[in-house]
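**Q** Everything below, folded, please.
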Amino acid sequence: MKLHRNAALSLKKRELLVSRVIDEGWSLTQAAEAAEVSERRAGEWVRRFRSEGESGLLDRSSAPKHVHNRTDERRIQVIACLRRLRMTGAEIAEVLRMPETTVSGILTRIGLGRLGRLGLEPARRYERERPGELVHFDVKKLGRIERGAGKRIMGGSNHYTGSFTDAAGRVRRKVGWEYVHVAVDDATRLAYVEVLSDEKAKTAIGFLGRAVRFFRRYGIRVEAVMSDNGSAYVSRVHAIACRILGLKHLRTKPRRPQTNGKAERFIRTLLGGWAYGAIYRSSSDRTAALDGWLWRYNHERNHRALGRKPPAARLAELNNVLGSYS
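**A** Residues are numbered from 1 along each chain as shown. All right, here's what the predicted structure looks like:
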């Protein structure tokens, strides 16, 4: 039985009160005084017991039985259908011409308050058994920092990223971009990151070789790599480099970045903890802070998917299970 927060009597106390009045012949005044409730309340419990038995001593909902302006059930079903199409509460309210607060309350009541993966295909999660069995590669483009923090920190329009029009009539930015290349081991989440000047095939191949050597220092032999279908990864020279290194190259299906989800999720963590986690005066300051953040990620930061352990601890754990103590 659920008691409301201000209930003076528990179920046992109510049964005792009723027993004193009906079985033992106490007056309502005496029974109410002994139970420390009003005589009116004591009389209510006695009347409910006489008419309904023990079930009459249970708490009842204080909600009204009839609400004159309750939303029609068919309208609620329409709201649920629109929600499953991943429409927001505001969009549903606009389409149905209803108050947004009413739609929000209905969505919460029917269990559709949060979108999450509603209406999407079930997530297919996987994890390789051996370190190095699969390493995820990806690239994230970041705007360079010049003359202090930009609009993300200072607000307003860009105060330094001027533009010009080239001979072909295309608008060009003066500051430009940096390209963050990442490699994440599937089994351990051990990560390697570099900030490079572009995402061309030659640059991606150089990063690939350095990433393989990085994992080798941890005793990990990379067997296969996964990437998206960027121009650098589909080039012939990249395929040749993979063959020379003895790597199997897997690519995601077009327009399905979730296949390479571990790299995508690591990039979100990287941006929040490093790229946007502090105010930098220049791009070189931001790049200089990367090594410290990455070391903490690999050796100290607890990872929820690894049982609240850092990647280095996960690596040691898998090495022990597999009989390798390198």
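
**Q** State the mean pLDDT of stretch 17-31.
**A** Across stretch 17-31, pLDDT averages out at 91.

**Q** From the rest of the structure, what touches it?
**A** The contact list for stretch 17-31 (CB atoms under 8 Å, 6 or more residues apart in numbering) reads 9, 32, 34-35, 37, 39, 42-43, 45-46, 49-50, 57. (Glycine included, C-beta is placed from N, CA and C.)

**Q** Between those, which sits nearest residue 253?
**A** In terms of CB to CB, no member of those lies closer to residue 253 than residue 57, at 62.3 Å.

**Q** Was I right to think that closest one contacts residue 11?
**A** Yes: using CB atoms under 8 Å, residue 57 is in contact with residue 11, at 6.1 Å.

**Q** Now residue 254: closest residue in space, sequence neighbours ignored.
**A** Computed as CB to CB, 6 or more residues apart in numbering, the closest residue to residue 254 that is not its neighbour in sequence is residue 229, at 6.0 Å.

**Q** check contacts around that neighbour.
**A** Taking CB under 8 Å, 6+ apart, we find residue 229 in contact with 251-252, 254.

**Q** Kindly recompute the last result at 10 Å.
**A** By CB atoms under 10 Å, 6 or more residues apart in numbering, the contact list for residue 229 reads 251-256.

**Q** Where does it sit: helix, strand or coil?
**A** Secondary structure for residue 229, judged by DSSP: H, G, I helix; E, B strand; the rest coil, is coil.

**Q** hmm, which two among the contacts of residue 229 are most spread apart?
**A** The largest separation in the contacts of residue 229, counting by CB to CB, is between 251 and 255 at 12.5 Å.

**Q** one step back: between residue 57 and residue 11, who's got more neighbours?
**A** Neighbour count, other CB atoms under 10 Å: between residue 57 and residue 11, residue 57 has more, with 20 against 14.

**Q** so how far is residue 189 from that one?
**A** Counting by CB to CB, to the nearest Å, the separation of residue 57 from residue 189 is 56 Å.

**Q** before we move on, what about residue 211?
**A** Counting by CB to CB, the gap from residue 211 to residue 189 is 14 Å.

**Q** starting at the chain centroid, how far to stretch 297-313?
**A** Distance of stretch 297-313 from the chain centroid (CA atoms, centre = their mean, to the nearest Å) equals 17 Å.

**Q** my bad, stretch 206-215
**A** That offset, for stretch 206-215, works out to 30 Å (CA atoms, centre = their mean).

**Q** what about burial for the contacts of residue 229, which qualify?
**A** residue 252 (16 or more other CB atoms under 10 Å).

**Q** Wait, residue 301 touches residue 314, no?
**A** No: in this structure, residue 301 is not within contact of residue 314 by CB atoms under 10 Å, at 11.8 Å.

**Q** any residues in contact with both of those two?
**A** With CB under 10 Å, 6+ apart, residue 301 and residue 314 have common neighbours residue 189.

**Q** that's a strand at residue 179, yeah?
**A** Yes: with three-state DSSP as the criterion, residue 179 is assigned to a strand.

**Q** Next one: the residue lying closest to it once chain neighbours are set aside from residue 255, what distance?
**A** The shortest distance from residue 179 to any non-neighbouring residue, by CB to CB, 6+ apart, is to residue 199 (4.7 Å). Going from residue 199 to residue 255 by CB to CB gives 19 Å.

**Q** need the contact list for residue 198.
**A** Listed by CB under 10 Å, 6+ apart, the contact partners of residue 198 are 139, 141, 176-179, 204, 232.

**Q** re the thing from before, in strands only, show me the contacts of residue 229.
**A** Among the contacts of residue 229, the ones falling in strands (DSSP state E) are residue 251.

**Q** longest helix anywhere in the chain?
**A** When the chain is parsed with DSSP state H, its longest helix is helix 201-217.

**Q** And it, what does it pack against?
**A** Helix 201-217 sits against strand 135-143, strand 177-185, strand 191-196, strand 224-227, helix 231-234, helix 236-245, with contacts defined as 3 or more CB pairs under 10 Å, 6 or more residues apart in numbering; DSSP states H and E.

**Q** And these: which comes nearest residue 217?
**A** For the helices and strands packed on helix 201-217, distance to residue 217 was read as CB to CB. The smallest value, 10.0 Å, belongs to strand 191-196.

**Q** Can I get the closest one in CSV, CA atoms only?
**A** Taking Å, rounded to 0.1, in the frame of the first residue of the first chain, the C-alpha atoms of strand 191-196 are listed here in CSV:
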residue,chain,number,x,y,z
ALA,A,191,43.3,6.1,-28.5
TYR,A,192,45.9,7.9,-30.5
VAL,A,193,45.4,11.4,-31.9
GLU,A,194,47.3,13.9,-34.0
VAL,A,195,46.4,17.4,-35.2
LEU,A,196,47.4,17.7,-38.8
